[in-house]
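1. Generate a structure from the sequence data that follows.
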Amino acid sequence: MAKNLIFLKVKCPHCEKSLMDYTQYLNAKPSIRLRIEIDNRSGILNLCSTYGCYDKTSSISIHEGEIAALICPHCKQNLNTKVLCDICNAPIVAFDLEKGGKVHICSRAGCKNHYVSFEDIYTTLTSFYHEYDYGASETDF
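-> Numbering: from 1, shown residues only. Below is the predicted model of the structure:
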């Protein structure tokens, strides 16, 4: 039986513009495009949009344990929050899901802490099930 994959479509919580990059695919899906700043280095970061996938490409080198500032490429707002990772104590980065809810990831390279949260889980999941074929091998959020 094939594992259901969840493709997350995210937007900036500040300007509400899509962060999806339909020119750079990872794991056969559009990636999430961000600006990245680590110390005195800055560049472009593309993250895999499949939930649970840690694939990424970056125009700068990222070393294990470094903490990155992840920035919206549209409004230039820093997406790092004041909430700290309960595993490594680095800032959590938050994106809004296009269909409602939030995706949270750790800003420390190598930390795999991530989660999705919903304000109204019943309404959000009902919307997802109606919009997408629940029985398919992949679900788009």
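2. for the chain, what's the longest strand?
-> With secondary structure taken from DSSP state E, the chain has its longest strand at strand 29-38.
3. Which of the residues in stretch 63-75 are classified as buried?
-> Neighbour counts using 16 or more other CB atoms under 10 Å place 67-72, 74 of stretch 63-75 among the buried residues. Backbone N, C-alpha and C define where each C-beta goes, glycine included.
4. All the strands of the chain, residue numbers only.
-> 5-7, 10-11, 20-26, 29-38, 41-47, 56-58, 69-71, 80-84, 91-97, 102-106, 114-117, 138-140.
5. would CSV of these with mean pLDDT be doable?
-> Below are the strands of the chain laid out as CSV (pLDDT from 0 to 100):
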stretch, mean pLDDT
strand 5-7, 80
strand 10-11, 96
strand 20-26, 97
strand 29-38, 97
strand 41-47, 97
strand 56-58, 97
strand 69-71, 98
strand 80-84, 97
strand 91-97, 96
strand 102-106, 94
strand 114-117, 84
strand 138-140, 50
